[in-house]
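Asker: Using only what follows, build the 3D model:
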Amino acid sequence: MVYQSHTATFLLFTTFLFISRSISAAHSPPRLNATTNDLDFIRTSCNATLYQDLCFNSLAGYASVVQDSPARLAKIATGVSLSKAKSTLAFLSKLSRSAAEVQDCVSYLDEAVGSIRDSLRTLRNMSRVAAAPSSEETFSSQVNDVQTWMSAALTYEDTCTDEYEEMDEAGEIKTTVYDRVNTLKRFTSNALALVNTYGNTGAP
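Answerer: Numbers count the residues shown, from 1 in each chain. The predicted model follows:
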């Protein structure tokens, strides 16, 4: 009974920290040297995503770096998604030590992290494509790879939440895992949408 009480306390405390940090990250102020045009580009680009407010609030702080570049925006959005995936995976891995039913979700998220990491690595290398022969074909191929990996990551995340939706018993662990992974899914979905926009530009 004491052990269960400690587990419940841990869940409540970590959930509070997660919500606080998510709010802080989502509403981080833009950098001081960001221009109105830079911020407008972020806002307009986020119109292509499903979670537009989250998109703008999580990426506005990078506006001065992105400027008006779909390539940089896709890269940064994917990096933000990777950071969120890694922190979610770390939290669930720790939780799984006292809640064995979380282990499957940990496995799915580990695969998701790998897919997003592959996507980011490819996006970082794509600036070299412009100078290469048949760059248009190579660019298209690499964008397709990134889209495939990001879609796979979203599928892994969906599989985790789908399993928890099917659970008959509600409880703190189910709610915590479900909320965490749903938040991650929004970041991944937004990043994929911005990668798609980048791919539609047709140029690295």
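
Asker: contacts, neighbours, all on C-alpha from now
Answerer: Fine.

Asker: Check which helix or strand the residue most central in space within the chain maps to.
Answerer: Nearest to the mean C-alpha position of the chain, counting by C-alpha atoms, centre = their mean, stands Ser81 at 2.3 Å. Ser81 belongs to helix 70-95 when elements are defined using DSSP states H and E.

Asker: Show the average pLDDT along that helix.
Answerer: For helix 70-95, mean pLDDT is 97.

Asker: Give the buried residues for it.
Answerer: Neighbour counts over helix 70-95 (16 or more other C-alpha atoms under 10 Å) mark 70-86, 88-89, 91-93, 95 as buried.

Asker: which other helices and strands contact it?
Answerer: helix 52-59, helix 63-66, helix 103-125, helix 172-201 (3 or more C-alpha pairs under 8 Å, 6 or more residues apart in numbering; DSSP states H and E).

Asker: Kindly present these as JSON lines, with separate columns for mean pLDDT, distance to Gln142 and mean neighbour count.
Answerer: Formatted as JSON lines, the helices and strands packed on helix 70-95 follow (pLDDT from 0 to 100; distance: least, C-alpha to C-alpha, whole Å; neighbours: other C-alpha atoms under 10 Å):
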{"stretch": "helix 52-59", "mean pLDDT": "98", "distance to Gln142": "23", "mean neighbour count": "21"}
{"stretch": "helix 63-66", "mean pLDDT": "95", "distance to Gln142": "20", "mean neighbour count": "21"}
{"stretch": "helix 103-125", "mean pLDDT": "96", "distance to Gln142": "7", "mean neighbour count": "20"}
{"stretch": "helix 172-201", "mean pLDDT": "94", "distance to Gln142": "9", "mean neighbour count": "20"}
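
Asker: got CSV for those helices, with distance to Trp149 too?
Answerer: Formatted as CSV, the helices and strands packed on helix 70-95 follow (distance: least, C-alpha to C-alpha, whole Å):
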stretch, distance to Trp149
helix 52-59, 20
helix 63-66, 23
helix 103-125, 5
helix 172-201, 9
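
Asker: Which residue, other than its chain neighbours, is closest to Arg43?
Answerer: In space, and not counting its chain neighbours, Arg43 is closest to Phe56: 5.7 Å by C-alpha to C-alpha, 6 or more residues apart in numbering.

Asker: I'd like the distance between that neighbour and Tyr108.
Answerer: Phe56 sits 27 Å away from Tyr108, going by C-alpha to C-alpha, to the nearest Å.

Asker: Could you do Gln67 as well?
Answerer: 35 Å.

Asker: do the same with Gly202
Answerer: Gly202 is 32 Å from Tyr108, by C-alpha to C-alpha.

Asker: what does Cys46 give?
Answerer: Distance, Cys46 to Tyr108, by C-alpha to C-alpha: 27 Å.

Asker: Thanks a lot, see you next time.
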